[in-house]
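K.L.:
I'd like to go over a predicted model; first the sequence, then the structure.
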Number of protein chains: 2
Amino acid sequence: MRKTSSAVTIRDVAQLAGVSPATVSKVLNDAPHVSSDARGRVLDAVEKLQFRPNTIARSMKKGRTHTLGLITDDIEGVFTMSMMRGVEEAASKQGFSVFLCNSYGDMEREREHLDVLLSKQVDGIILLSGYRVRPRGAPAIRLGGVPVVYLYQYTHDTTAPCVIPDDFGGGYLGTQHLIEIGRQRIAFLNGPTDYEATHHRLDGYRQALLDANLPFDPALVQVGKWHEDSGYQLTRQLLTLPTPPDAIFCASDSIAIGALDALHEVGLNVPNDVSLVGFDNRVPAAYQRPPLTTVALPLYEMGILAGELLLSVIVTGAPLQAELHKVPCYLILRESTA
Amino acid sequence: MRKTSSAVTIRDVAQLAGVSPATVSKVLNDAPHVSSDARGRVLDAVEKLQFRPNTIARSMKKGRTHTLGLITDDIEGVFTMSMMRGVEEAASKQGFSVFLCNSYGDMEREREHLDVLLSKQVDGIILLSGYRVRPRGAPAIRLGGVPVVYLYQYTHDTTAPCVIPDDFGGGYLGTQHLIEIGRQRIAFLNGPTDYEATHHRLDGYRQALLDANLPFDPALVQVGKWHEDSGYQLTRQLLTLPTPPDAIFCASDSIAIGALDALHEVGLNVPNDVSLVGFDNRVPAAYQRPPLTTVALPLYEMGILAGELLLSVIVTGAPLQAELHKVPCYLILRESTA
DNA sequence: CCATCAATATAAAACGTTTTACATGATAAA
DNA sequence: TTTATCATGTAAAACGTTTTATATTGATGG
């Protein structure tokens, strides 16, 4: 009585095909020096017995499990899934599977997950952050040579690569767009300053103004929270300025939705009176009236890149480069700008 | 030169502790008949060598990999993540890991993933749907006794359990709440009829009216799409009725947000003039003005249940019951009802 | 006709565990 | 004292593959 699902082994195939297990193995791995006659018989037997090789046993010899571990901070975070999709896609395209682990941001839980992943002999690990406030350190556990990449997360770990969005470029892109459509007084509603991202987005905004020879007016830059309410409040505030803005660039879609609400409330037309650009490209942005132009985070692409970085290290055996990879944001044009 | 991460094996531990590998194994598995002296020496050696058992090798003998496979239709679906969190949590609590696979709803891709999962000797599989329109069939592949559970997905497969939300109960709950706060003419804005869920939610609504001896008025029930725009349009329409509703129950939060928009536009106060209840408990519902009362889908709980069902079958070896598990929805009270 | 070589096939060892079967010595029961 | 029982320990087989080393065959070339 076998316990595993695949009761039929390479022995059974060998027996039916009238060859040795070694020969079956060769056929299965496209190794040379097997006659087309034998190959045919083996393939037939595989078909007839519905044989499925036991990858677990295989990896015992090969030392590769074709398995990745993904530990996320915040599995329900709004940005997490797109990145996970990218990772999963990159992995499965190359025949790798990925273990999903959720740490809730708890370092002890992360350690436990790492322990299990290493026990399960994963070939590589991705540490994915859902919000990316401040840089983090390397995991407090000996990884024994298993490569790691950080995704959406700055790190002090100088041995591993790091994949993040190009927030500076994103800030630049949104501002540049508003300038190009002729806006002169562009406000910037930022998120909390304890997020690394907010500084880079603001820098991008300033650089775009500079490049266009537009003045930087500190009164037009406000710091709030990430959510709708904050956008609403700050916009009401902006509208009391002696010369109010003719465009608002928000550091998140939620802020932009709040801003839109405030603008509607005072009877201003979007995009004509005030043009509006969001950031993140989350789903609700597309369903506003008018639908919001926004700077998209390249989450899926980041996931793909993180996966590919890891896989290339694994399959080529090349040493891991501890580079910082900034993936470009892109602009999604909708009807809140014109 | 070893290829795997854990270069140190049970042999090394045995040697250092001055015992046989068999004894080390016993210690590691809390087996009886080992002296506390030997146990101590082994534990010391484990500590000193930073030994981490190779789970892969272990599962070769045990026939259990402590691994689950999760295949989802739609990894980016709004409901998917909460369920995945539940599954992951249930699994990791019992020492299981879960492989994440994304099929994009493509049956061929699903087949490939199943093939890989079975090769990797998973102990069980969860098939998770992101949207759950119509019942699906069993996977077109011999599972060889590996148990399956369907999550958020009706199925024709009569051999496996199925975990879904209790939409009828949810429809009842929302309606009952509106009745309890004294509303008499309660409209129901439904989603597309090709979703199973819409029928059950409507049935719940009708039953609640019936139980309260309130008349059912077909003019108050409208069918649209799931999104904001649809809610907006249908609400405008409802407001042209000779006696307009004093409450609107929407089959999704998005619909409710659209409805809220329409109500604001004509100057009606929510919750006083018209009370409003959504469905799904998605994040934006909490950020409306006023924040929306809504019927929550028990997604996390469903994930937990699916995981536990599968795990209990795996660890106890009990036969799989092909039951339909309806997990109760619950009401989230916010300020759109009073 | 013999030596060499390549192609094909296989037996056996290995991967890192667990488990089975057996050996030893000590203790309890008769 | 003898016997049965039990706790402790280990050698070796097993899990399902891959890989290494070796054997067999047939062909090639001198």
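P.N.:
Perfect, thanks for sending it.
K.L.:
low-confidence stretches in chain A?
P.N.:
By pLDDT under 70, the weakly predicted segments of chain A are A:1-6.
K.L.:
separation between A:Lys61 and A:Gly317?
P.N.:
Here the criterion is Cβ to Cβ, to the nearest Å. By it, A:Lys61 lies 17 Å from A:Gly317. Where you see a C-beta, it was placed from the backbone N, CA and C, and this is true even at glycine.
K.L.:
what of A:Arg236?
P.N.:
With distances taken as Cβ to Cβ, A:Arg236 is found 58 Å from A:Gly317.
K.L.:
which bits of chain A sit near DNA strand C?
P.N.:
Where proximity means Cβ under 7 Å from any atom of the strand, the interface of chain A facing DNA strand C comprises A:18-23, A:26, A:32-35, A:37-38, A:57, A:60-61.
K.L.:
of A:Arg236 and A:Gly317, who's got more company?
P.N.:
When A:Arg236 is set against A:Gly317 and neighbours are counted by other Cβ atoms under 10 Å in any protein chain shown, the residue ahead is A:Arg236, at 16 against 8.
K.L.:
what residue, apart from its backbone neighbours, is nearest that one spatially?
P.N.:
Of all residues beyond its chain neighbours, the one nearest A:Arg236 is A:Ala262 (5.1 Å), with distances taken as Cβ to Cβ, 6 or more residues apart in numbering or on different chains.
K.L.:
tell me which helix or strand the one you found sits in.
P.N.:
Per DSSP states H and E: A:Ala262 is located in helix A:253-265.
K.L.:
one more: A:Met81?
P.N.:
Here A:Met81 sits within helix A:80-93, counting by DSSP H and E.
K.L.:
run through the strands of the stretch 1-150 of chain A in chain order.
P.N.:
Listed in chain order, the strands of the stretch 1-150 of chain A (DSSP state E, counting those that start in this stretch) span A:67-72, A:97-102, A:124-128, A:148-151.
K.L.:
turn those strands into a markdown table, columns for mean neighbour count and distance to A:Asp115.
P.N.:
Formatted as a markdown table, the entries for the strands of the stretch 1-150 of chain A read as follows, by neighbours: other Cβ atoms under 10 Å in any protein chain shown; distance: least, Cβ to Cβ, whole Å:
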| stretch | mean neighbour count | distance to A:Asp115 |
| --- | --- | --- |
| strand A:67-72 | 26 | 11 |
| strand A:97-102 | 25 | 11 |
| strand A:124-128 | 26 | 12 |
| strand A:148-151 | 26 | 14 |
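K.L.:
out of these, which comes closest to chain B?
P.N.:
Proximity of the strands of the stretch 1-150 of chain A to chain B was assessed by Cβ to the nearest Cβ; the nearest stretch is strand A:97-102, lying at 4.1 Å.
K.L.:
circling back: nearest to B:Leu143 among the strands of the stretch 1-150 of chain A would be which one?
P.N.:
Distances from B:Leu143 to each of those were compared using Cβ to Cβ; the shortest belongs to strand A:97-102, at 17.1 Å.
K.L.:
now do that closest one: everything it contacts.
P.N.:
Contact partners of strand A:97-102, identified using Cβ atoms under 8 Å, 6 or more residues apart in numbering or on different chains, comprise A:66-72, A:74-75, A:84, A:87-88, A:91-92, A:113, A:116-117, A:120, A:122, A:126, B:70, B:84-85, B:88-89, B:92, B:97-101, B:116-117, B:120.
K.L.:
buried subset of the residues of chain A next to DNA strand C?
P.N.:
Among the residues of chain A next to DNA strand C, those scoring as buried are A:19, A:23, A:26, A:34, A:38, A:57, A:60 (criterion: 16 or more other Cβ atoms under 10 Å in any protein chain shown).
K.L.:
wait, doesn't the fourth one sit right on A:Val24?
P.N.:
No. Under the contact definition of Cβ atoms under 8 Å, A:Val34 does not touch A:Val24, with a separation of 9.5 Å.
K.L.:
chain neighbours aside, what residue packs nearest to the spatially most central residue of chain A?
P.N.:
Centroid-nearest residue in chain A, with Cα atoms, centre = their mean: A:Met83, separated by 2.8 Å. The shortest distance from A:Met83 to any residue that is not its chain neighbour, by Cβ to Cβ, 6+ apart, is 3.9 Å, and that residue is A:Gly303.
K.L.:
quick one: residues contacting that neighbour.
P.N.:
With contacts defined as Cβ under 8 Å, 6+ apart, the neighbours of A:Gly303 are A:82-90, A:151.
K.L.:
turn the residues you listed into TSV, columns for distance to B:Gly130.
P.N.:
Compiled in TSV, the contacts of A:Gly303 are given as follows (distance: Cβ to Cβ, whole Å):
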residue	distance to B:Gly130
A:Ser82	14
A:Met83	17
A:Met84	13
A:Arg85	12
A:Gly86	17
A:Val87	18
A:Glu88	14
A:Glu89	16
A:Ala90	21
A:Leu151	22
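K.L.:
gap between A:Arg185 and DNA strand C?
P.N.:
Counting by Cβ to the nearest atom of the strand, to the nearest Å, the gap from A:Arg185 to DNA strand C is 66 Å.
K.L.:
that residue: neighbouring residues, count only.
P.N.:
Using other Cβ under 10 Å as the criterion, A:Arg185 is surrounded by 19 other residues.
K.L.:
so it makes contact with A:Pro242?
P.N.:
No. At 11.0 Å, A:Arg185 and A:Pro242 do not qualify as touching, with contact defined as Cβ under 8 Å.
K.L.:
quick one: closest of the strands of the stretch 1-150 of chain A to DNA strand D.
P.N.:
Counting by Cβ to the nearest atom of the strand, DNA strand D lies closest to strand A:67-72 out of the strands of the stretch 1-150 of chain A; the figure is 15.7 Å.
K.L.:
who touches the closest one?
P.N.:
Contact partners of strand A:67-72, identified using Cβ under 8 Å, 6+ apart, comprise A:80, A:84, A:87, A:91, A:96-103, A:110, A:113-114, A:117, A:120-130, A:307, A:310-311, B:100, B:120.
K.L.:
how about the helices in chain A?
P.N.:
Applying DSSP state H to chain A gives helices spanning A:10-17, A:21-28, A:36-49, A:55-62, A:80-93, A:107-119, A:167-180, A:196-211, A:228-238, A:253-265, A:299-316.
K.L.:
any chance of the ones you listed in a markdown table, plus distance to DNA strand D?
P.N.:
Formatted as a markdown table, the helices of chain A follow (distance: least, Cβ to the nearest atom of the strand, whole Å):
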| stretch | distance to DNA strand D |
| --- | --- |
| helix A:10-17 | 3 |
| helix A:21-28 | 3 |
| helix A:36-49 | 10 |
| helix A:55-62 | 4 |
| helix A:80-93 | 20 |
| helix A:107-119 | 16 |
| helix A:167-180 | 44 |
| helix A:196-211 | 44 |
| helix A:228-238 | 55 |
| helix A:253-265 | 49 |
| helix A:299-316 | 14 |
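K.L.:
can I get the ones you listed in a markdown table with distance to B:Leu292?
P.N.:
As requested, the helices of chain A are exported to a markdown table (distance: least, Cβ to Cβ, whole Å):
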| stretch | distance to B:Leu292 |
| --- | --- |
| helix A:10-17 | 59 |
| helix A:21-28 | 57 |
| helix A:36-49 | 57 |
| helix A:55-62 | 48 |
| helix A:80-93 | 23 |
| helix A:107-119 | 33 |
| helix A:167-180 | 30 |
| helix A:196-211 | 29 |
| helix A:228-238 | 13 |
| helix A:253-265 | 15 |
| helix A:299-316 | 27 |
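K.L.:
between those helices, which one is closest to A:Arg134.
P.N.:
Relative to A:Arg134, the nearest member of the helices of chain A by Cβ to Cβ is helix A:196-211, separated by 6.9 Å.
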